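Colleague: what follows is a predicted structure for the sequence shown.
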Amino acid sequence: MNRILLKLKDIPSGTSVLSLSEDVESLELQRDEYVFYSPVKIDLEVDKSEQGIMIAGRATVPTQVECARCLSLFADEAGADFHLRYIRTRKEADTEQDSPDDGLYYIRYDESEIDLTDEIRQALVVSLPIRALCDPGCKGLCSLCGANLNEGGCSCSRREGHPAWSALEKLRDGRDAGRPSGE
Ligand SMILES: [Zn+2]
Ligand SMILES: [Zn+2]
C-alpha cells in the first residue's frame, strides 16, 4: 500500500499551500455501510520552521452510503479537518512523548518525510455519522410491508385489509372473547 507522505525537502521554509490527490486504497478505510472512492483530495497548509512543522489540512473522499432508515444507496462525500504539529528534536525521536490525541509528534532534525496516512484515516473515520441518512426527513421503510415510504405511501396506511392488521385483530378479538362477561 502507498503511504501518504510529505517530503520535507520539497517544502520551503515558511507557509506553503499544497494539494494532494491520492488513491483511496492507501487509506484502507473500512466501514460497513460505506464504499469509498478515489481520489482522496488533501489540502494542506504547511508551516515549516527550525522548530518544527505545523499542518492544517482537510481531506475529502467520495462515498456511497446505505441510508440507515430506508436502506437505499446514495452518493455523498466524507470530509474532515485535521491539525498536526511535528516538533523537531535533536535526540532520537521519543515516541513516548507523542500525543496523538492532540496531533502532536516529535521528529528528528534530519527526518526526511512525514507519514500522514494514519492521521488522515483517523480524521475521516471519526467524521462519519453513526447513522447516515439519505435525507434528514427520510421516511424509512414501512414496518409491515417493507415499502420505501419516500417513494409514496403503501396500502398499510389504510388500516383495514392488510393481512398483518387482520391477524392482529383476530388476536385481539380472541382475547376479548375469552374474558368473563359483565365488566
Ligand atoms: Zn433514506
Ligand atoms: Zn406497508
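Modeller: Structure's in. What do you need? Ligands and ions are numbered 1, 2, ... in the order given.
Colleague: contact residues of this protein facing ligand 2?
Modeller: Applying Cβ under 5 Å from the ion, we find that the chain lies next to ligand 2 at 142, 144-145, 147, 154, 156. In this view, the C-beta of every residue, glycine as well, is placed from N, C-alpha and C.
Colleague: just the buried members of those residues?
Modeller: Neighbour-count burial (16 or more other Cβ atoms under 10 Å) applied to those gives 142, 147, 154, 156.
Colleague: how about those in JSON lines, adding pLDDT and secondary structure?
Modeller: Formatted as JSON lines, those follow (pLDDT from 0 to 100; DSSP: H, G, I helix; E, B strand; the rest coil):
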{"residue": "Cys142", "pLDDT": "94", "secondary structure": "coil"}
{"residue": "Ala147", "pLDDT": "94", "secondary structure": "coil"}
{"residue": "Cys154", "pLDDT": "89", "secondary structure": "coil"}
{"residue": "Cys156", "pLDDT": "85", "secondary structure": "helix"}
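Colleague: out of the residues you listed, what pair is the most spread apart?
Modeller: Farthest apart among these by Cβ to Cβ are Ala147 and Cys156. That separation is 7.8 Å.
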